[in-house]
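Asker: Structure for this input, please:
(chains A and B)
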Amino acid sequence: MEEQDQILNDVTQGDYKYGFVTDIETDIIEKGLNENVIRTISEKKNEPDFMLDFRLNAFRKWQKMKMPNWAYLKIPPIDFQEISYYAAPTQKPKYESMDEVDPELIDTFNKLGIPLEEQKLLAGVAVDVVMDSVSVKTTFKEALAEKGIIFCSFSDAVQDHPDLIKKYLGQAVPVADNYFAALNSAVFSDGSFCYIPKGVRCPMELSTYFRINAANTGQFERTLIVADDDSYVSYLEGCTAPMRDENQLHAAVVEIITHDRAEVKYSTVQNWYPGNKEGIGGIYNFVTKRGICRGVSSKISWTQVETGSAITWKYPSCVLIGDNSIGEFNSVAVTNNYQQADTGSKMIHIGKNTKSTIISKGISAGKSDNSYRGLVKVMPNAKNSRNFSQCDSLLLNDTCGAHTFPYIEVGNKSSIVEHEATTSKIGEDQIFYCNQRGIDTEKAIGMIVNGYAKEVLNKLPMEFAVEAQKLLQISLEGSVG
Amino acid sequence: MSVLVEKADLSLKYTGHYNNVKELLFKNSSEVLNAQRNKAIQDFVLQGIPTRKNEAYKYTNLQPQFFPEFKFIHQKENVEADLNVIFRCDVPQLSTHLNLFFNGWYYDKNRETANLPEGVIFESLEKMAKNKPEIFQEYYSKLAKTGDDPLVALNTAYAKDGYFLYVPKNIIVEKPIQLINLLQAQNDTFATQRNLIIIEPGASVQLIICDHTLNLNQYLSNSVTEIFVSENANLDYYTLQNQHNNATSLNSVFIQQERDSNVTTHTSSLHGGLIRNNLKIILNGENATANMFGMSFIDRKQHVDNFTQITHAKPHCQSNQVYKNVLDHESTGVFSGQIHVIRDAQKTNAFQKNNNLLLTDKATMQTKPQLIIDADDVKCSHGATVGQIDEEALFYLRARGIDEDKARLMMMNAFAHEVVQEIKVKALRDRIDDLVEKRLNGEVARCHECAYNCEC
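Answerer: Numbers count the residues shown, from 1 in each chain, chains lettered A, B, ... in the order given. Prediction:
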C-alpha cells in the first residue's frame, strides 16, 4: 500500500506544463465593471450599435441577478470590480503574413504545441487562436472561404457579417439565461464565429485555442456556430493558462444552432490551470454551452475532457426542437487535489422522435469533489422520445468525493427515459490481475482509468484523443490509495 | 385581507393561529413538548410553506394545500366511536394488535393491545410524555429537527398527540401492531400527529399503518414519526395510504439505526389527493441494513411524492431502495432519493431503483435520484426509468396466444409485484396484490368495505 502511495505521489506531482507567462505587450483596461467599461470595450472593437445595445441590455439584467449557489461547489466570493474586463495582445492592423506576428506569440503557441504557421499544421485542422479572449490568428481562412465557410474571430464577424450575428446571437443562450451568461454577454471581448452554408461538409476540423495570459483579468469569449441545412462540421476547443496564485475568472458562452439535417460535433479538452497542490490559484471556469437542434433530423454532439480549472461549472446542453433530432453528451471529468467540478448536461426534448444520450465519467482523486448534474426533460408533445443516461464515478482515494444529481422529467407516455449511475473505486482484483501479468501498479491504474474513459475518448477526433489520453495520465495515473 | 395578500402570507395564517391557541396548546401537554413549540414556530416562519423554489419540494408545491380554512383540533374530542361500527379493516386473516386514531388523536377505547408481550408499551403520546418526561427528554425532537424542514417545524409547534411505542430488550412482538388513522370531521380539518418509537437491543416489531378518510371534507394531515432502532433490533414499517382526492397527507419519518439493526419500510400509496412521504434514515452503526420500498398506483389528478434520504454514517452498512409508480390519467409522480455516504463509511453498499410507468400522455413523472459519495471503497448505484411496458416481453406473451390487453395487465401486475412481494406479512401482501389486480382491471382500488362508497 505504501508503495502505491509513493507511486501516486510521484505521478500526481506531474506538473502543469503550460504554466509559463508570455512577456508580450498587452492592452489592458482599468479594473472594474460599469456601463462605461462596456462602452469602452464596444468602442475599442469598433462595434455597430446593435452590439452595444446587446451588451448594455445584458449588463442591466446581470446587475439584477444573483450569483447562483445551487451547485455542489464552494465558490469563494468573487469581486467583479477587481477584474479587468479587457486584455488583448496589443492589436495591430491585421496580420498579413506570419512574419508580422509577434515572435513571442508564435513562440508561445509553439510551446503549447499549436503551431500557427500553416505549413506546419497537422493536415486538416484550421485554428483560431484566442489569447486573453482576443483572436490573434485564424489559419486556413482562405481555403475555407472557397467553400463558403465563414470561420473567423467574433470581432471580424461583427464587422463583416453583421446580419448573421444579428440573426443568431443570443438565440441559444439568451442574454439573461444565467448569471455568468449575462456577464459574458455584457463584456465578452472576442471568440470564434463559424458558419457552414447549405450542403457543405467542412473538409477539415475547425479549432479554437484559448490562452489566458495577462494577470488580474478575466477571460470572456463567445463562440457561435451556425450549421445551415445538410451541413457538417467538427469543432475543437482547447485551453491553457499560466500558473498564478490568484484565481482568474473564465466565463464563456458557446452557442450552436443547427438547421435541417445539419450536424455539429463539438469537442473540448479543457486544461486551464487547476491551482497548485494546496488548492491555491487556478481558473474559475463558468461556462454556458448550449446547442439548438432547430431543424429536423439535425444533430449536436458535445464531447468534453475536463482536467483543469480550480472550479468547473459547466453544463453543455441540447434543445431538441426539430423532429427526429439527436443530442449527445460525452464527458470525462477528472479532478485532483482541491479541484471542484460540477458538470453535466441538459437535454430538452421538444420535437417528436428526438433522441439523446448522456455518457458521463467522473474520476476524483486528491481532496477533490466531482459532481454530475443533469436534466432530461421530455415535453408532452415530444412523442416517442428516447434518452439514455449513464453516469459513472471512479474514486481513487478516501478523501475525494463523487456525486450525482440527475433530474428527470417526463411528460408523455410514449417516451422512454433511462438513467443509471454507479460509484466505485478501482477494484483491487483488477489491479492484482494486472500485477500478476507483470504490469506494475502504476501502469495498471493508467490502463484501467484509460479503459474506463475510453468510451468517451473514442468520440474525440484523433489528434485530440491522443492529447486527452496523455492528459489523463498526467492528471491521475497511479492515484489509487 | 385580499386573496392575493393571503396567498403571499399564507404561513402567517398558521403562525397567527398558533399565537391565538397558544394557551390551549400548552395546556395539558408535557413540558418536553411545550419546550420546543416557540422555537419550532419561529423556524417555521423562517422557512415558510414549501414552494417549488425549495429544492426539497421542487416538484411539489404545497401552498395550495395550505390555503383552505382548516379547523384545528387542539384538544381531544370526545368521540364515542366504536371501531367495529365505523370502520372495519377488510384485510382477510390479518391478525393484529389494532389501534385507532381519529384526526391524529389516539383513542384507546377500541384497542386490542392487551395481549402485547410484557414490557411493550403502546400508548398515547400525550399521556406518555407526561408520565415519562425523562425518556422524551432524551429522544423527542432529536431526529426531526425543526430547522431542517418547515413541515417538521409546524408539526412540532402544534404536536399534542400521536402514539408512543416502546419495545424492551430482546422482546419479539409476534403479531403486527396495526394503526388505523382515520380522518373524519364536520369541517375541513388540519390534523397533526406526532409519534415516537423506541426499539431496544435485540427486539423486533412489525407495524402496519393504514391511512383512511371517512368523509369528503378537505383534510390535511401532517405527521412526524421519530424512530430509534437499537443494536440488533428489527423493525418492519408498512404504510398503506388510501384516502380521497381532497386529502393531503404529509408524512415525515425519521429513523436512526444502530449496529446490526434491520429496518424495512414499505409504502403503498393507492389513493390520495396529494401525498408526500419524507423518509430519512441514518445508519449510525456498523452492519446496519435499511430496505426502503414504495409503490404507487394513482390516477385522476392525484400527486404522490416520495422523498428519501439515507445517510451512511458508519462503515459496512447496506441500503436498498426500490420505488415504483404507475401513473394514470393526469396524475403526477415524483421520486427524490438521496444516498449520502459520508467520509469513512467504507465498504458501503447502497442501491436505489426507481421505475415508472406512464399510462397516458397527460401523466407526468419527475425523478431526482442523487448520490453524494465521500468514501471510496463503496458500491453505490442508482437507476431510474420512465417509460412503458417492454414491447419485447409483450410480444413474447402475445406469441403464446395471450391477447394484448391481458398481456399488458400481466406485465403491469408483475411490475408492481416486485415491490409488493417484499411485504413479509402474508395477509397484507395478498391483500395488496389483490388491490393492485383490481385496480388494473379497472375496478376501484380501495378497501371495498370502506364505509364511504364515494367516487373520489
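Asker: what pLDDT does A:Cys239 get?
Answerer: What the model reports as pLDDT for A:Cys239 is 72.
Asker: B:Asn131 versus that one, what's the distance?
Answerer: Note on A:Cys239: its distance to B:Asn131, by C-beta to C-beta, to the nearest Å, is 69 Å. The way it works is simple: take the backbone N, C-alpha and C, and place the C-beta from them, glycine included.
Asker: These two - which one has more neighbours?
Answerer: Shown here are A:Cys239 and B:Asn131; by other C-beta atoms under 10 Å in any protein chain shown, A:Cys239 has more neighbours (26 against 15).
Asker: Find the nearest non-adjacent residue to A:Tyr338, please.
Answerer: Leaving aside its chain neighbours, A:Tyr338 sits nearest to A:Gly279 (2.7 Å; criterion: C-beta to C-beta, 6 or more residues apart in numbering or on different chains).
Asker: ugh, wrong one, I meant A:Tyr168
Answerer: A:Val226 (5.3 Å).
Asker: and that neighbour, what is it in contact with?
Answerer: For A:Val226, the set of contacting residues under the criterion of C-beta atoms under 8 Å, 6 or more residues apart in numbering or on different chains consists of A:164, A:168, A:194-196, A:256-257, A:259.
Asker: In the stretch 101-250 of chain A, what residue lies closest to chain B?
Answerer: When C-beta to the nearest C-beta is the measure, the stretch 101-250 of chain A has its nearest residue to chain B at A:Asn178, with 16.1 Å between them.
Asker: Show the contacting residues for that residue.
Answerer: If a contact means C-beta under 8 Å, 6+ apart, then A:Asn178 has A:65, A:68, A:288 as its contacts.
Asker: How many residues are close by the closest residue to B:Leu154 other than its chain neighbours?
Answerer: In this structure, B:Leu154 finds its nearest non-sequential neighbour in B:Phe44, 5.0 Å apart by C-beta to C-beta, 6+ apart. A count of nearby residues for B:Phe44, using other C-beta under 10 Å, gives 26.
Asker: did I read that right, B:Phe44 in a helix?
Answerer: Yes: note on B:Phe44: a helix contains this position according to DSSP: H, G, I helix; E, B strand; the rest coil.
Asker: mind checking how far it is from chain A?
Answerer: Shown here: B:Phe44 relative to chain A, a distance of 23 Å by C-beta to the nearest C-beta, to the nearest Å.
Asker: Contact partners for that residue?
Answerer: Taking C-beta under 8 Å, 6+ apart as the contact definition, B:Phe44 lies against B:11, B:14-15, B:146, B:150, B:153-154, B:157.
Asker: picking up where we left off before, tabulate the contacts of A:Val226 (TSV), appending pLDDT.
Answerer: Below are these laid out as TSV (pLDDT from 0 to 100):
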residue	pLDDT
A:Leu164	92
A:Tyr168	93
A:Cys194	91
A:Tyr195	93
A:Ile196	93
A:Ile256	95
A:Ile257	95
A:His259	95
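Asker: quick one: B:Leu250 and B:Leu220 touch, right?
Answerer: Yes: in this structure, B:Leu250 is within contact of B:Leu220 by C-beta atoms under 8 Å, at 7.2 Å.
Asker: I figured A:Gly170 hits A:Ala182, correct?
Answerer: No: with the criterion set as C-beta under 8 Å, A:Gly170 and A:Ala182 do not qualify as a contacting pair; they are 10.7 Å apart.
Asker: If you count surrounding residues, which of those two has more?
Answerer: Summary of the neighbour comparison: A:Gly170 and A:Ala182, criterion other C-beta under 10 Å, with A:Ala182 having more neighbours (26 against 20).
Asker: what's the helix or strand for the more buried one?
Answerer: helix A:179-187 (DSSP states H and E).
Asker: now swap in A:Phe193 and tell me
Answerer: Here A:Phe193 sits within strand A:192-196, counting by DSSP H and E.
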